[in-house]
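Participant: Below: sequence and its predicted model.
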Amino acid sequence: MRAMQHDRFGGPEVLREVEVPDPVAGPGEILVEVEAAGVDFGDIKEIAGELTEGPYAMKGPLPHILGMEVVGQAGDGRRVVGYIRQGGYATKAVVAERDLALLPQEVGAGAALALLVRGLTAWRTATEKGSSTPIMDSRPTSSWMPSAGRFSTPLWARSGSSDGW
Amino acid sequence: MTYGASSRQGATVIPPTRLAVENITVGGFWLTPLITRDGAGGKALEELLDLTARNRLRPLVGSEYALDHARDAHEGLLSRRTKGKLVLLP
């Protein structure tokens, strides 16, 4: 497959187009033909070597293929959007079944990619903050980076409504 | 509430004494540990996709780039000129 790979840490200049063997799906995973891959700000930190410590370090061995968000077609015909730890900047990617959702026909690839990290961040901060502690008394007050914040306003509005989540 | 870190500058420092005086709790949030634990699929993502399919949410999609122009996407993001999700097309 074709992929954008980096074999050292740095800026955008370290990304190189390469031809590498297709990834192989393990148990609970599927191989998809990538239709579109999202670029996340985490990719910038990862390629710069800034996220190399702690339990969730995003440091694959080098050379490494960035990319945590993909929309793709599975061998069984499903069109899915999925979160992956690496390998999205490629023509093929392996996605775990637990990290994907079927794409409704009406939703474009770009919109689906925007919903993954950004949408889920907005969802979880608006509904549960990732723990049992509700943060219903909080409200967004400013958002100078409008990515997750863009989703939060409607989600916040909804979380306060009578039908709840 | 503030989101994001694309300026790559540190967050505002809040003196702990002020938290006590005003009965404030400050928290942080990072999605990665949660989706590592729970998976990214499931009800939340399905509901977000459904809200989008029904036009109740309108995700902002930014520029599209050919896969081999991923550098341009990174340069755009670093310069903070872009808006919306940047997409690579293989």
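Facilitator: Nice, thanks for sending it over. All values derive from a computational prediction rather than experimental measurement.

Participant: residue ranges for the helices of chain B, please.
Facilitator: Secondary structure of chain B (DSSP state H): helices at B:16-21, B:31-38, B:43-53, B:70-78.

Participant: Tabulate the ones you listed (JSON lines), appending mean pLDDT.
Facilitator: Shown next, in JSON lines, are the helices of chain B (pLDDT from 0 to 100):
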{"stretch": "helix B:16-21", "mean pLDDT": "86"}
{"stretch": "helix B:31-38", "mean pLDDT": "89"}
{"stretch": "helix B:43-53", "mean pLDDT": "94"}
{"stretch": "helix B:70-78", "mean pLDDT": "95"}
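
Participant: possible to save those as TSV with distance to chain A?
Facilitator: No exception for glycine: its C-beta is placed from N, CA and C like everyone else's. Below are these laid out as TSV (distance: least, Cβ to the nearest Cβ, whole Å):
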stretch	distance to chain A
helix B:16-21	14
helix B:31-38	5
helix B:43-53	4
helix B:70-78	4
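
Participant: could I get those helices as CSV with mean neighbour count?
Facilitator: Formatted as CSV, these follow (neighbours: other Cβ atoms under 10 Å in any protein chain shown):
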stretch, mean neighbour count
helix B:16-21, 10
helix B:31-38, 17
helix B:43-53, 19
helix B:70-78, 20
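
Participant: center of chain A, which residue is that?
Facilitator: residue A:69 (3.5 Å; Cα atoms, centre = their mean).

Participant: Excluding sequence neighbours, find me the nearest residue to residue A:20.
Facilitator: Spatial nearest neighbour of residue A:20, chain neighbours left out: residue A:3 (5.6 Å); criterion: Cβ to Cβ, 6 or more residues apart in numbering or on different chains.

Participant: who's that neighbour bridged to?
Facilitator: On DSSP bridges, the residues paired with residue A:3 through beta bridges are residue A:18, residue A:90.

Participant: And what about residue A:114, helix, strand or coil?
Facilitator: The three-state label given to residue A:114 by DSSP: H, G, I helix; E, B strand; the rest coil is helix.

Participant: What about residue A:67, how many residues nearby?
Facilitator: Using other Cβ atoms under 10 Å in any protein chain shown, residue A:67 has 25 other residues around it.

Participant: any weak-confidence spans in chain A?
Facilitator: Applying pLDDT under 70 to chain A flags the ranges A:58-60, A:128-165.

Participant: Helices of that one, residue ranges please.
Facilitator: Using DSSP H, helices in chain A cover A:41-47, A:109-114, A:120-127, A:146-159.

Participant: quick one on the thing from earlier: state the distance from the residue nearest to the centre of chain A to residue A:105.
Facilitator: According to Cβ to Cβ, to the nearest Å, residue A:69 and residue A:105 sit 20 Å apart.

Participant: isn't residue B:66 right next to residue B:87, touching?
Facilitator: No - the criterion here is Cβ atoms under 8 Å, and residue B:66 misses it with residue B:87 at 10.4 Å.

Participant: who are the neighbours in contact with residue A:10?
Facilitator: A:47, A:48, A:49 (Cβ atoms under 8 Å, 6 or more residues apart in numbering or on different chains).

Participant: The residues you listed, buried ones only, as a ChimeraX selection?
Facilitator: Entered in ChimeraX, the line below selects the buried ones among the contacts of residue A:10, by 16 or more other Cβ atoms under 10 Å in any protein chain shown:
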select /A:47,48
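
Participant: can you redo the contacts of residue A:10 as a markdown table with distance to residue A:37?
Facilitator: As requested, those are exported to a markdown table (distance: Cβ to Cβ, whole Å):
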| residue | distance to residue A:37 |
| --- | --- |
| A:47 | 14 |
| A:48 | 19 |
| A:49 | 21 |
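
Participant: tell me which of the contacts of residue A:10 is nearest to chain B?
Facilitator: residue A:47 (7.4 Å; Cβ to the nearest Cβ).

Participant: Could you pull up the contacting residues of that closest one?
Facilitator: With Cβ under 8 Å, 6+ apart, residue A:47 has these contacts: A:6, A:9, A:10, A:11, A:12, A:14, A:15, A:66, B:74.

Participant: Okay then, goodbye and thanks.
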